[in-house]
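1. here is a sequence together with a model predicted from it:
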Amino acid sequence: MDRKLLIIDVAALGWDLLQRHDRCRMEGLSFAPAEAMFPAVTCTAQAGFRTASAPAAHGMVANGLYFPELHKAMFWEQSAALVAGERIWSRLRRAGGKAAMLFWQQSMGEQVDIVMTPAPVHKHHGGMIQDCYCRPEGLYRDTCGAIGSAFKLRQYWGPLASARAGEWIARATARVLTGESLAPQLCMTYLPTLDYDLQRHGPLGRAAARALDILAGQLRVILRAADKGGYETIIFGDYAIAPTAGPAALPNLALARAGLLATRNVRGMLYPDFHTSRALAIVDHEIAHVYASDAAATDEARRVLDATPGIAEVLDAGAQAASGLYCPRSGQLVAVAAEGTWLAYPWWADANQAPDYATHVDIHSKPGFDPCELFFGWPPLGTSLDTSRIRGSHGRTGPGRQIAWASTIDLQPRPTSLLDLAGRAKRILDEQASE
């Protein structure tokens, strides 16, 4: 089993982005376009790639899932058991090959030999112990020693998020690829570098070009290690970011005004009451899964959302099925943002009524993805509530939303979609297992 494969998921690596900034060739690799998976968000794309299947099969319908039995939304949960289906590397491991997963979502408990992913410990009296979950035991500690610093969560997400997170991951990946005691036959890693400034400033200007320059340097570190370790490489983008302008659309506010979303007033702050709500929207960038209590609530929610500015279309079960999305975890409806906007989770109109977590980096309490966490706001050291500051978003697919991919392997005919590319990767791994 001499052949080895490196797979790099580059957040926000869109085909239009590379064309616009004349970067269709980077680090000796020629990039090509492919259709993204719908919805075009991280967890859905990564689950789709590792299983070579659509969301209807693997079940990760967004970055956050709603659990009706708990009446609770959970974003960025890390259990690999949330992703259904056989992994593309299963046959490789059965044949004795090793697989590594670095900084992919839903990697805890995954059927791999090497894992590294952020897993901070929040202290009762406040503050946080920064740490990474890893297998084998000691891998993170040894990597920190080799790199000379720990992985800093504040550089991975929040107002201080920066390319430094990607630099650390690139160096950690290089160490796994070249370490004699590691050197798996398959290594999957993730670079978040483009994501931050493309959401803050959009994909059109100088910030995007600078982010691409930094990304090229990080890819250089990994690819040199891959060459030294004898790896072939596949690089893919999980989604493409498009420009946005103006405030976000607020589906939950529309549902609350229609009496469908219930709230609790706690010391003047409005918290959602999902236990008694007839309809609610779990938002994620440019899409929102809408969960309703019954058929009448579903119909009413659709009428409300169809009339909400900034929402382009509302998909019922049939339309979701046609997109490969519909499954027990998906909403009865899926709202899709109009081109040039995105969907935010707030259900309040008065900022004074915002719940306490709204002005903090709190990805596990908010029932929706909140890119405003990329900006400082008020109170001091808090995060912004101003949705108009976001200049780039993703989630939609179609024209102008193709991802980019490249490989050191001559894949012919060329893959036309992310799902197709995942299928090709599976065949390569199956061939490795047969050697």
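-> Done, it's in. Numbering: from 1, shown residues only.
2. pretty sure Glu167 is touching Gln218, no?
-> Yes - taking contacts as C-beta atoms under 8 Å, Glu167 lies within contact range of Gln218: 6.1 Å. Every C-beta, even on glycine, is put in place using the N, C-alpha and C of the backbone.
3. and those two? Which one has more around it.
-> Taking neighbours as other C-beta atoms under 10 Å, Glu167 and Gln218 compare with Gln218 leading, 23 against 18.
4. just give the nearest non-adjacent residue to the more buried one, would you?
-> Ala170 (4.1 Å; C-beta to C-beta, 6 or more residues apart in numbering).
5. measure that neighbour to Ser149 for me?
-> 13 Å (C-beta to C-beta, to the nearest Å).
6. helices along the stretch 201-350 of the chain, start to end?
-> Ranges of helices within the stretch 201-350 of the chain are 206-229, 251-257, 295-306, 317-322, based on DSSP state H, counting those that start in this stretch.
7. just those: most buried one?
-> Each of the helices of the stretch 201-350 of the chain was scored by mean neighbour count; the highest is helix 251-257, a mean of 23, by mean count of other C-beta atoms under 10 Å.
8. which other residues reach that one?
-> Helix 251-257 is touched from outside by 261-263, 272, 277, 279-281, 283, 288, 290, 301, 304-305, 307-308, 311, 335, 343, 345-349, 368, with contacts defined as C-beta atoms under 8 Å, 6 or more residues apart in numbering.
9. cutoff 10 Å now
-> For helix 251-257, the external contacting residues (C-beta atoms under 10 Å, 6 or more residues apart in numbering) are 250, 260-263, 270, 272, 277-283, 288, 290, 292, 297, 300-301, 304-305, 307-311, 314, 333, 335, 337, 343-349, 367-368.
10. between Ala170 and Ser149, which one's more packed in?
-> The residue with more neighbours, out of Ala170 and Ser149, is Ala170; 24 against 10, by other C-beta under 10 Å.
11. was I right about the more buried one contacting Val221?
-> Yes - here Ala170 reaches Val221: they are 4.5 Å apart, a contact under C-beta atoms under 10 Å.
12. okay, the nearest residue to His201 once chain neighbours are set aside: pLDDT?
-> Distances taken as C-beta to C-beta, 6+ apart put Ala207 closest to His201, at 3.9 Å, once the chain neighbours are dropped. Here, the pLDDT recorded for Ala207 equals 97.
13. check contacts around Ala207.
-> Taking C-beta under 10 Å, 6+ apart, one finds 196-198, 200-201, 391-392 in contact with Ala207.
14. likewise Ile222?
-> 6, 8, 27, 169-174, 176-177, 187, 189, 191, 231, 233, 235.
15. and the gap between it and Cys144?
-> 18 Å.
16. what about Arg91, which SS state?
-> helix (DSSP: H, G, I helix; E, B strand; the rest coil).
17. quick one: distance of the helix or strand hosting Met188 to the chain centre.
-> Secondary-structure assignment from DSSP states H and E places Met188 in strand 186-191. Offset of strand 186-191 from its chain centre (C-alpha atoms, centre = their mean, to the nearest Å): 14 Å.
18. remind me what that strand packs against, helices and strands.
-> strand 4-10, helix 42-51, strand 99-102, strand 114-118, helix 163-178, helix 206-229, strand 231-237, helix 418-434 (3 or more C-beta pairs under 10 Å, 6 or more residues apart in numbering; DSSP states H and E).
19. the first one pairs with which strands, parallel or anti?
-> Looking back up the chat, that one is strand 4-10. strand 186-191 (parallel), strand 231-237 (parallel) (DSSP bridges).
20. reformat these as a markdown table; add distance to Arg23 and mean pLDDT.
-> Compiled in a markdown table, the strands paired with strand 4-10 are given as follows (distance: least, C-beta to C-beta, whole Å; pLDDT from 0 to 100):
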| stretch | distance to Arg23 | mean pLDDT |
| --- | --- | --- |
| strand 186-191 | 15 | 98 |
| strand 231-237 | 12 | 98 |
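21. of all those, which one is nearest Ala163?
-> Nearest to Ala163, of all the strands paired with strand 4-10, is strand 186-191, at 9.4 Å by C-beta to C-beta.
22. what about dumping the CA coordinates of the closest one to CSV?
-> Extracted C-alpha coordinates of strand 186-191, given in CSV (Å, rounded to 0.1, in the frame of the first residue of the first chain):
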residue,chain,number,x,y,z
LEU,A,186,-5.1,9.2,3.7
CYS,A,187,-4.9,12.6,5.3
MET,A,188,-7.8,15.1,5.3
THR,A,189,-7.2,18.6,6.4
TYR,A,190,-8.9,22.0,6.4
LEU,A,191,-7.8,25.6,5.8
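23. mind giving me the domain split of this structure?
-> 4-242+397-434, 251-390 (automatic domain parsing).
24. any idea how far Arg210 is from Ile241?
-> For Ile241, the distance to Arg210 - C-beta to C-beta - is 15 Å.
25. that should have said Met188, apologies.
-> Counting by C-beta to C-beta, the gap from Met188 to Arg210 is 27 Å.
26. same check on Met60?
-> 31 Å.
27. touching, His360 and Phe376? I think so.
-> No - counting by C-beta under 10 Å, Phe376 is not a contact partner of His360; they are 11.3 Å apart.
28. more neighbours: those two, which one.
-> Per other C-beta under 10 Å, whichever of His360 and Phe376 has more neighbours is His360, with 18 against 14.
29. so where is this protein shaky, pLDDT-wise?
-> 1 (pLDDT under 70).
30. try it again at 80.
-> Low-confidence segments of the chain, defined by pLDDT under 80: 1-2, 125-126, 180.
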